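Trainee: model this:
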Amino acid sequence: MAIRQMLRRSLSNERRSTEVPKGHLAVYVGESEKKRFVIPLSYLNNPSFQKLLGQAEEEFGFHHPMGGLTIPCSEELFIHITSHFCRT
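Mentor: Numbers count the residues shown, from 1 in each chain. Take a look at the predicted model:
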């Protein structure tokens with residue numbers, strides 16, 4: 001399954017479910033309109049994802065406007081970066 005399809009499937013725009021499967025984390029991504037993605041916790045160990053977390057810390061600190069972890073990048077960049085995680 002392609003990463004884009006996997007991430008889109010986890011996108012809960014249609015049904016704002018608060019349930020996150022065990023071993024996963026919900027993040028909000030986007031510049032103006034935020035979209036919710038459910039990602040594996042293993043992404044937290046990836047250096048590229050840690051850079052995104054650093055950007056989130058710089059921009060938001062501990063106050064995230066969506067109530068969850070907000071990643072300050074475009075949806076396209078997020079998908080591009082995380083698509084490489086599945087290939088390794």
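Trainee: Now do stretch 35-55: distance to the chain's middle.
Mentor: Its chain's C-alpha centre and that of stretch 35-55 lie 6 Å apart, by Cα atoms, centre = their mean, to the nearest Å.
Trainee: Mind listing what's buried along it?
Mentor: The neighbour-count check on stretch 35-55 (16 or more other Cβ atoms under 10 Å) flags 36-39, 43, 46, 49, 52 as buried. No exception for glycine: its C-beta is placed from N, CA and C like everyone else's.
Trainee: Quick check: the farthest pair among the residues you listed?
Mentor: In these, two members sit farther apart than any others by Cβ to Cβ. They are 36 and 46, at 19.7 Å.
Trainee: Let me know the pLDDT of residue 35.
Mentor: Confidence at residue 35, expressed as pLDDT, is 92.
Trainee: element containing the residue nearest the centre of the chain?
Mentor: For the chain, the residue nearest the mean C-alpha position is residue 27 (4.0 Å; Cα atoms, centre = their mean). Using DSSP states H and E, the element containing residue 27 is strand 24-29.
Trainee: now whichever helix or strand comes after that strand against strand 24-29, angle please.
Mentor: Scanning forward in sequence from strand 24-29 by DSSP H and E, the next helix or strand is strand 35-40. Relative orientation of strand 35-40 versus strand 24-29 (axes from the mean of the first three to the mean of the last three Cα atoms, to 10 degrees): 150 degrees.
Trainee: Please tell me how far the helix or strand that comes right after strand 35-40 is from the chain's geometric centre.
Mentor: Using DSSP H and E, the helix or strand that follows strand 35-40 in sequence is helix 47-60. Centroid separation between helix 47-60 and its chain, computed with Cα atoms, centre = their mean, is 11 Å.
Trainee: quick revisit: now distance to residue 83 too, for the buried residues of stretch 35-55, in JSON lines please.
Mentor: Below are the buried residues of stretch 35-55 laid out as JSON lines (distance: Cβ to Cβ, whole Å):
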{"residue": "36", "distance to residue 83": "18"}
{"residue": "37", "distance to residue 83": "12"}
{"residue": "38", "distance to residue 83": "16"}
{"residue": "39", "distance to residue 83": "12"}
{"residue": "43", "distance to residue 83": "11"}
{"residue": "46", "distance to residue 83": "12"}
{"residue": "49", "distance to residue 83": "12"}
{"residue": "52", "distance to residue 83": "14"}
